[in-house]
Structure formats: structure tokens, C-alpha cells
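A.B. asks: Sequence isn't available, so here's the structure alone:
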């Protein structure tokens, strides 16, 4: 039985490949040898690369750093483009350190466009449009506000708050108050100044 199968196999090899059985098996052995050599080269490179990636990911993150009150423009520098800086994101004016979720909010992540911004409106609407990447939540419906509230609770429970976003109007109001303060302490420019050389009209002598 085995002899018949071997004879049938030799005939099939000769018919379909045009090679003798010895030549056919020699070529097959060489092919397998080359395959294993190439697989070993690529496999060893991948094996050395993966532990390095795992080691980098397993490094402990530095503790969150408080940034205080910053403007929206200053917040943009924490979008993850600089690996030496923390990854920050704001919701409703509150800034959170999301460095531990760099795979989501870092460069290449599904929510990378939210990093370095107050993305309140975009989160409420689940929008990825540039126009919604703002902290302005005016005009949102009740369901959108509820969704935003859920996001805020999630961030409060998972991430550390490190600062707040200073709105442009706040800075302008503060400047106006500082400018107006000296005017309250000193005399008004429009108020009449009474001196000895120029007596008041009520005490001036009348012509007879």
C-alpha cells in the first residue's frame, strides 16, 4: 500500500512540476530553510523591539504639576506634542492632567484633538468638528448638558485637577478695575478746585 502511494506521488511530481522526485524534495528543503532564516531575522528584531516598548510604557508617570490659571493659548502647549510636558485637557474651565490616558488623548489617539483645549462643547455634542472645540456651552440642549456633566464626573473621579482656564473677559474686567481705582482715591478732573487765588463764586464780592 505504502509502495503504491509512493509511486503515485513520484508520478504526480513528475507530471505537475517536471522535476524528478529527488530534485523536487531538494528544492522544497531549500525553500523551507530560506523561509526559517528570514523568519528568524525578522522575528528577532521584533522580539527586541517589543520589550523596549513595554518598558517605556511601564515607566511611572511623574506626579501632576499644578499650572494654576492659564489662558486658552497657553493651554495649547500641553497637547502632547512635547513628550516632556504633561498632557492636559479642560472641561467647563477646569484643567485636568490626562497623561495616564495618553493612548486616548495623546498624538495618534482617538481623542487627540481634545488635548490642550477646553473641549466642553465637543464632548457634550460628541463632536469632532473644529468649531466645537471650545469651552462655550451656550445654546446646548438638556441632553447635551447631561452628557457634559457625565464627562465632568468621569474626569473628576479619574484625573487630577491642575488648574483653570482664564477667560479673556476676566482679564479685561480686572484691568478696568485697576485703571479706575486711582480715580476713586484722587480728585476728579471735572471737579472745581478752590484756591486762595481763585475764590468760589459764592464768596466773591458783589458789585454795588
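C.D. replies: Thanks, I have the structure now. What you are looking at is a predicted structure, and each value in this text was computed from that prediction instead of being measured.

A.B. asks: Show me what the longest strand along the chain pairs with in its sheet, parallel or antiparallel.
C.D. replies: Longest strand in the chain, counting residues (DSSP state E): strand 160-165. Partners of strand 160-165 in the sheet, by DSSP bridges, are strand 68-70 (parallel), strand 94-97 (antiparallel).

A.B. asks: what residues does it touch?
C.D. replies: Identification of contacts with strand 160-165 by Cβ atoms under 8 Å, 6 or more residues apart in numbering yields 64-72, 75, 86, 88, 90, 93-97, 118, 135. C-betas here are computed from N, CA, C, even on glycine.

A.B. asks: Buried subset of the residues you listed, written for PyMOL?
C.D. replies: Here is the PyMOL selection string for the buried members of these, based on 16 or more other Cβ atoms under 10 Å:
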select buried, resi 64+67+70+72+75+86+88+90+94+95+96+97+118+135
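
A.B. asks: Contact partners for residue 114?
C.D. replies: 89, 105, 122, 123, 133.

A.B. asks: again, only this time at 10 Å
C.D. replies: Taking Cβ atoms under 10 Å, 6 or more residues apart in numbering as the criterion, residue 114 is in contact with 79, 89, 90, 91, 98, 104, 105, 120, 122, 123, 128, 133.

A.B. asks: In strands, which of these fall?
C.D. replies: Going by DSSP E, the strands hold 89, 90, 91 from the contacts of residue 114.

A.B. asks: got the buried residues for stretch 105-117?
C.D. replies: 105, 106, 109, 111, 112, 113, 114, 115, 116, 117.

A.B. asks: hmm, back to that, which among the contacts of residue 114 end up buried?
C.D. replies: If we count by 16+ other Cβ under 10 Å, the contacts of residue 114 have these buried: 79, 89, 90, 91, 98, 105, 120, 122, 123, 133.

A.B. asks: Mind putting those residues into a markdown table with pLDDT?
C.D. replies: Shown next, in a markdown table, are the buried ones among the contacts of residue 114 (pLDDT from 0 to 100):
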| residue | pLDDT |
| --- | --- |
| 79 | 95 |
| 89 | 96 |
| 90 | 96 |
| 91 | 96 |
| 98 | 96 |
| 105 | 94 |
| 120 | 96 |
| 122 | 95 |
| 123 | 95 |
| 133 | 94 |
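
A.B. asks: Tell me the one of the residues you listed nearest residue 144?
C.D. replies: residue 123 (9.2 Å; Cβ to Cβ).
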